[in-house]
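S.K.: here is a sequence with its predicted model. Questions after.
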Amino acid sequence: MNTDLDLPPVGLGTMGLDGDEGAAAVRTALDVGYRHLDTAQVYENESSVGTGLAAAVEADVVAREDVTVATKTWIDRLAPDEVRPSTAASLDRIGVDAVDLLYVHRPKGGYEPAGTLAAFDALVDDGLVGHVGVSNFERDELAEAIDLLDAPLAAHQTEYHPLFRRPALREHAVEHGYPLVAYSPLAGGRVREVEAVRTVAERHGATPEAVSIAWLADKEGVVTIPKASSEAHLRANLAAADLDLDPEDHERIDGIEREEELFPE
């Protein structure tokens, strides 16, 4: 890897986890073994994520330094002079001195490649951010970001599931030594409806959700961040990475012809 960021195979996606219930879900996730929390300014739940993290740290469930906390700068705060104040606001909401990973959420809005990424680099230099990532980029945009950043590109987050496969982006991640972070790995629950995924699940006595997570976790360079709130689902998603799929299973899922992108630009 070109980056020293070490992400576990399964982290916690938090979009939609907010308020006291969201904070409780984050605390429970840390209780059962999650060590990567993913939030974003536009989710409007950074405070809930921070509350759950603080509760777990206070209870000696986990040390702060053992948890990768990631957030994303929304497109209306990507102008170079907006990056630092918006990051300071995120840190205040989360209740931390620094985040481990800060993403450009989308290369849209105020995004100015040279100026925006220089502002992200400055945050790393000043110790407010551990690593710089990007999200929802294409290969040409990734190449530009790698060229402009002083810090190594630490991660690329993109939608990736059996109904929306991004092999070219995964290949780029492997080639350049950074992890691809797959969001929405369960396709918003649609994996239950996909015959190929159900067939693989039946072969292994597993759920379609577990198969989808295992299919991603098996791929070189890929980690994933499913969302869950109940302890049962949190545990199941974490354990799914240990499900052993064989090449035939991968071929079956990789060959799905149906395509559905949940979060187009």
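M.R.: Structure received. Numbering: from 1, shown residues only.

S.K.: in what helix or strand does the residue of the chain most remote from its centre lie?
M.R.: Distance from the C-alpha centroid of the chain, by C-alpha atoms, centre = their mean, peaks at Arg203 (28.7 Å). Using DSSP states H and E, Arg203 sits in helix 195-204.

S.K.: show me what that helix is in contact with.
M.R.: 162, 191-192, 206-208, 210-212, 215, 243-245, 249, 252-253, 255-256 (C-beta atoms under 8 Å, 6 or more residues apart in numbering). Using the backbone N, CA and C atoms, a C-beta is placed for each residue, glycine as well.

S.K.: same question for whichever helix or strand comes after that helix, mean pLDDT?
M.R.: Using DSSP H and E, the helix or strand that follows helix 195-204 in sequence is helix 208-217. For helix 208-217, mean pLDDT rounds to 98.

S.K.: chain center to helix 208-217, what's the gap?
M.R.: 15 Å (C-alpha atoms, centre = their mean, to the nearest Å).

S.K.: likewise stretch 66-77?
M.R.: A distance of 10 Å separates the centroid of the chain from that of stretch 66-77, by C-alpha atoms, centre = their mean.

S.K.: what do you get for stretch 227-247?
M.R.: 15 Å.

S.K.: any buried residues in that stretch, and which?
M.R.: Judged by neighbour count using 16 or more other C-beta atoms under 10 Å, the buried positions of stretch 227-247 are 227-229, 234-241, 243, 245.

S.K.: let me have those in JSON lines, extended by pLDDT and distance to Val104.
M.R.: Converted to JSON lines, those look like this (pLDDT from 0 to 100; distance: C-beta to C-beta, whole Å):
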{"residue": "Lys227", "pLDDT": "97", "distance to Val104": "21"}
{"residue": "Ala228", "pLDDT": "97", "distance to Val104": "26"}
{"residue": "Ser229", "pLDDT": "97", "distance to Val104": "27"}
{"residue": "Leu234", "pLDDT": "98", "distance to Val104": "28"}
{"residue": "Arg235", "pLDDT": "98", "distance to Val104": "32"}
{"residue": "Ala236", "pLDDT": "98", "distance to Val104": "32"}
{"residue": "Asn237", "pLDDT": "98", "distance to Val104": "26"}
{"residue": "Leu238", "pLDDT": "98", "distance to Val104": "28"}
{"residue": "Ala239", "pLDDT": "97", "distance to Val104": "32"}
{"residue": "Ala240", "pLDDT": "98", "distance to Val104": "29"}
{"residue": "Ala241", "pLDDT": "96", "distance to Val104": "27"}
{"residue": "Leu243", "pLDDT": "97", "distance to Val104": "33"}
{"residue": "Leu245", "pLDDT": "97", "distance to Val104": "32"}
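
S.K.: biggest separation within those residues, which pair?
M.R.: Within the buried residues of stretch 227-247, two members stand farthest from each other by C-beta to C-beta: Ser229 and Leu245, at 26.2 Å.

S.K.: so which strand or helix has the closest residue to Gly33 other than its chain neighbours?
M.R.: Excluding the flanking residues, the one nearest Gly33 by C-beta to C-beta, 6 or more residues apart in numbering is Leu238, at 5.8 Å. Taking DSSP H and E as the criterion, the element that holds Leu238 is helix 231-240.

S.K.: tell me which element Arg27 falls in.
M.R.: helix 19-32.

S.K.: can you give the contact residues for that helix?
M.R.: By C-beta under 8 Å, 6+ apart, helix 19-32 touches 12, 14, 16-17, 37, 45, 48-49, 51-53, 55-56, 61-62, 67, 228-231, 234-235, 238.

S.K.: quick one, strands of the stretch 1-150 of the chain?
M.R.: With strands called from DSSP state E, counting those that start in this stretch, the stretch 1-150 of the chain shows them at 12-13, 36-38, 68-73, 99-104, 129-135.

S.K.: what about the fourth one, average pLDDT?
M.R.: Confidence over strand 99-104 (mean pLDDT, whole number) is 98.

S.K.: in its sheet, which strands sit next to that strand, and in what direction?
M.R.: Sheet pairing of strand 99-104 (DSSP bridges) gives strand 68-73 (parallel), strand 129-135 (parallel).
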